[in-house]
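A.B. asks: fold the following.
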Amino acid sequence: MNKKQRIVKEMARIVGCKQCGIHFRLLYHHRIPGTKAFNIGRDRTRNLPTLLKEMDKCDVLCRSCHQKIHMPGYQRQFVYPSVELWRGYWRVRFWRDKKLCKYFKTKAEAIQFANRYAMGGG
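C.D. replies: From the prediction side, this is the model:
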């Protein structure tokens, strides 16, 4: 991973997912698909100002939220946590050996748990 790629990843990690707030497994999602000049995560040849200009056209999303945008009818098994508001509580759900759902009163508690669990803390 070169210096530009580290900067791109670190900027996404600092911002976190725009929809659920998680800070891992992040992607850059182009708000207007027709404006996409190149894939930010895979490009190794562009200079930093060009990368930053392309990043301005994007929102940072986790893989789960990104998939919900592109495949709304597709139900997947969650390998990585998904944080969502459900019946007045913040729900963290995913699959490991079995389905796991935990409920929290605040979004901050749910995100903290999801980040800790994803890092292996359980």
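A.B. asks: I'd say Leu61 and Lys18 touch.
C.D. replies: Yes: shown here, Leu61 and Lys18 form a contact pair, counting by C-beta atoms under 8 Å, at 6.0 Å. C-betas here are computed from N, CA, C, even on glycine.
A.B. asks: now stretch 28-47, how far from the chain's geometric center?
C.D. replies: Computed by C-alpha atoms, centre = their mean, to the nearest Å, the chain-centroid distance of stretch 28-47 equals 16 Å.
A.B. asks: quick one on the thing from earlier: and Leu61 and Lys18? which has more neighbours close in?
C.D. replies: Leu61 (23 against 15; other C-beta atoms under 10 Å).
A.B. asks: what's the neighbour count on Val92?
C.D. replies: 25.
A.B. asks: mean confidence for the helix or strand harbouring it?
C.D. replies: Take DSSP states H and E as the rule and Val92 turns out to sit in strand 89-95. The average pLDDT for strand 89-95 rounds to 76.
A.B. asks: may I see the buried residues of it?
C.D. replies: Neighbour counts over strand 89-95 (16 or more other C-beta atoms under 10 Å) mark Trp90, Arg91, Val92, Arg93, Phe94 as buried.
A.B. asks: how about JSON lines for the residues you listed, with distance to His30 added?
C.D. replies: JSON lines is the format used below for those (distance: C-beta to C-beta, whole Å):
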{"residue": "Trp90", "distance to His30": "28"}
{"residue": "Arg91", "distance to His30": "28"}
{"residue": "Val92", "distance to His30": "27"}
{"residue": "Arg93", "distance to His30": "27"}
{"residue": "Phe94", "distance to His30": "26"}
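A.B. asks: any idea which of those residues is closest to Ala110?
C.D. replies: Trp90 (3.7 Å; C-beta to C-beta).
A.B. asks: enumerate every residue touching the closest one.
C.D. replies: Neighbour list for Trp90: Val83, Glu84, Tyr103, Phe104, Lys105, Thr106, Lys107, Glu109, Ala110 [criterion: C-beta atoms under 8 Å, 6 or more residues apart in numbering].
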